[in-house]
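K.L.:
next one to model:
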Amino acid sequence: MRYRPSIGTVLLLMNLTLLALPVSGLWVLRLYDSSLVRQTEAQLIAQSVTVAAQYRALWRDGGGVIAADWPPVDPEWMHREGFDDPWLPRSATLDLANDPVLPASPEAEPATAPPDPVAARAGGTLNAILREVQLQTLAGIRVVDRAGLVVASTGEELGEVLVNRDEVRRALLGEPVSVLRLRGKGPAPVGHSLLGQGSAVRVVTALPVIEGQRVIGVVVAARTPRSVGEVLAEKRLHLAGLLSLLVVAAATLSLLGWLAIGRPLRAVAERARRVSEGERGAFATAAPGPVREVADLSAALSRMAESLEHRADYIRDFAAHMSHEFKTPLATISGTVELLRDHLGEMSDAERDRFFGNLHAESTRLARLVQRLLDLARADMVAADPIGQCRPAAQLAAAAQERPERFEARIAGDPAIRMAPDIFASVYANLLENAIRHGGPEARIIVSLAIDGVGAVLTVADDGPGISPANAERIFTPFFTTARRQGGTGLGLAIVRSLVEAHGGAIRLLPTDQGAVFEVRLPLA
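P.N.:
Below is the predicted model:
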């Protein structure tokens, strides 16, 4: 048999999967990587703003003059970007999930002209400061003049030109730029991995230094952000504890789920197995369970088992009654045939007629019994027709007019009932036959039809000898009859009950001082 996991195993896997989803989401969306990148970008912006302010002050003190041919920054662009506001906070915007990662920074180009003297003096003053700051911030910072020539640097590009870099070229036009680039030096890029690609990229910011709506230089800062692996390594003990707690929580939830669902289901399955092996009363009490669906399943199986036991009892009793009903006429026929075979020549005409009459009566009884059994089988299997309906008032009135001395019809209204005409005719005929057979030849039968609430009420009453209290409890039992000598089979009322209940109705024997009164309630169409 192919292995199938238990509910506890499925619940454990589901809980572990739910725990893994946030981690996988962080990896797929690179949210934590992006957070580290933005943190680095914000630090670089803050450092660049400080360096830009120092460079601007040194440029002014050094006698820097804005030449008339320097193009101003587009005033509309400055207004749109908020450069005309004295308060101009710069926020980090880089996102690994959306921003492209550019190739490594190209090599600086050699200078073709000397730097601006004022910018060179300001940069020379900043050099020592930048190198000291780098020891603490680990950021590479370069200051270029308005022509893109490096006048201050923490690296080896002093005196070279950086205009071949897109971020520098855009910043010289007055636009602050932040980009992601692959690392060009140091350890090889690690690429995409479970811990992200933070160590494979480098954050680069280019902040224009603006004086009098002219760009007098650019501060270029770059730094590799911390990788997720580094951060997780610092918190490895805390993460191990958290992971252990989550695993314990998942196992506990799975255990609780198994106790609430798995164990009650196993109990239900065990009871169902005992029922399949023939044990009676295995579902006498519903299996306890805190989950509503499990309790509903147990209750439904309990009702099903009760129905099956009832059906089994019905079939057993039916088979016993049927064998008894067939045994008597078959014994009579067998004995009569044996007598006729042994003594036919010695019998008088009257005796032969009597024996042949017995054979005919018993065969007729068997034929009637077989027909009744077929009727009962059809009644047990009949299904209500959702569109079948009839108006029984006309049928009842016509039947009463045929024998007015015996029948009386009392009809109040003309309801349409949810039952096909032929089915109602069978119900009505069996009730009349029962009243005629048991009420006696002089009994008068009254049939009433009325509407009561949402249903129609059919009443068949006779003024015969009635039914004793002991027999009243058994009248709907198949094969029970007190008129067997008159040809009764004991199946008429059983057929009526099956037909009526199949259509959502009900039949009962009403208490009365004289005769018998049967009430049939049928749903309206």
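
K.L.:
can you tell me which residues contact residue 153?
P.N.:
Counting by C-beta atoms under 8 Å, 6 or more residues apart in numbering, residue 153 touches 127, 130, 140, 141, 142, 143. From N, CA and C alone the C-beta is placed, and that goes for glycine too.

K.L.:
who's it bridged to?
P.N.:
Here residue 153 sits in beta bridges with residue 142, as judged by DSSP bridges.

K.L.:
any idea how many residues pack against the closest residue to residue 362 other than its chain neighbours?
P.N.:
Distances taken as C-beta to C-beta, 6 or more residues apart in numbering place residue 329 nearest to residue 362, at 4.0 Å, with adjacent residues excluded. A count of nearby residues for residue 329, using other C-beta atoms under 10 Å, gives 19.

K.L.:
in which helix or strand would I find residue 329?
P.N.:
Following DSSP states H and E, one finds residue 329 within helix 292-343.

K.L.:
now that helix: mean pLDDT?
P.N.:
The average pLDDT within helix 292-343 is 75.

K.L.:
run through the neighbouring helices and strands of that helix.
P.N.:
Counting by 3 or more C-beta pairs under 8 Å, 6 or more residues apart in numbering; DSSP states H and E, the packing neighbours recorded for helix 292-343 are helix 263-276, helix 349-381.

K.L.:
what's the most buried one of these?
P.N.:
Comparing these by mean neighbour count (mean count of other C-beta atoms under 10 Å), helix 263-276 comes out on top with a mean of 16.

K.L.:
list the helices and strands it packs on?
P.N.:
Checked by 3+ C-beta pairs under 8 Å, 6+ apart, helix 263-276 has helix 292-343 packed alongside it.

K.L.:
what angle separates the helix it packs on from helix 263-276?
P.N.:
For helix 292-343 against helix 263-276, the angle by axes from the mean of the first three to the mean of the last three C-alpha atoms, to 10 degrees is 0 degrees.

K.L.:
packing partners for the strand or helix carrying residue 53?
P.N.:
Under the criterion of DSSP H and E, residue 53 resides in helix 31-61. Helices and strands touching helix 31-61, by 3+ C-beta pairs under 8 Å, 6+ apart, are helix 117-137, strand 140-145, strand 177-182, strand 201-211, strand 214-223, helix 228-234.

K.L.:
how about that helix: buried residues?
P.N.:
For helix 31-61, the buried set under the neighbour-count rule, 16 or more other C-beta atoms under 10 Å, comprises 31-38, 40-45, 47-49, 51-52, 54-56, 58-59.

K.L.:
with adjacent residues omitted, what lies nearest to residue 257?
P.N.:
With sequence-adjacent residues excluded and distances taken as C-beta to C-beta, 6+ apart, residue 257 is closest to residue 11, at 4.2 Å.

K.L.:
for the stretch 401-525 of the chain, which residues score under the pLDDT cut-off?
P.N.:
Low-confidence segments of the stretch 401-525 of the chain, defined by pLDDT under 70, span residues 479-490.

K.L.:
list the contacts of the nearest residue to residue 174 once chain neighbours are set aside.
P.N.:
Distance criterion C-beta to C-beta, 6+ apart; nearest residue to residue 174, sequence neighbours excluded, is residue 73 at 3.5 Å. Going by C-beta under 8 Å, 6+ apart, residue 73 touches 83, 173, 174, 208, 210, 213, 214, 215.

K.L.:
contact partners for the second one?
P.N.:
Residue 173 makes contact with 73, 208, 215 under the criterion C-beta under 8 Å, 6+ apart.
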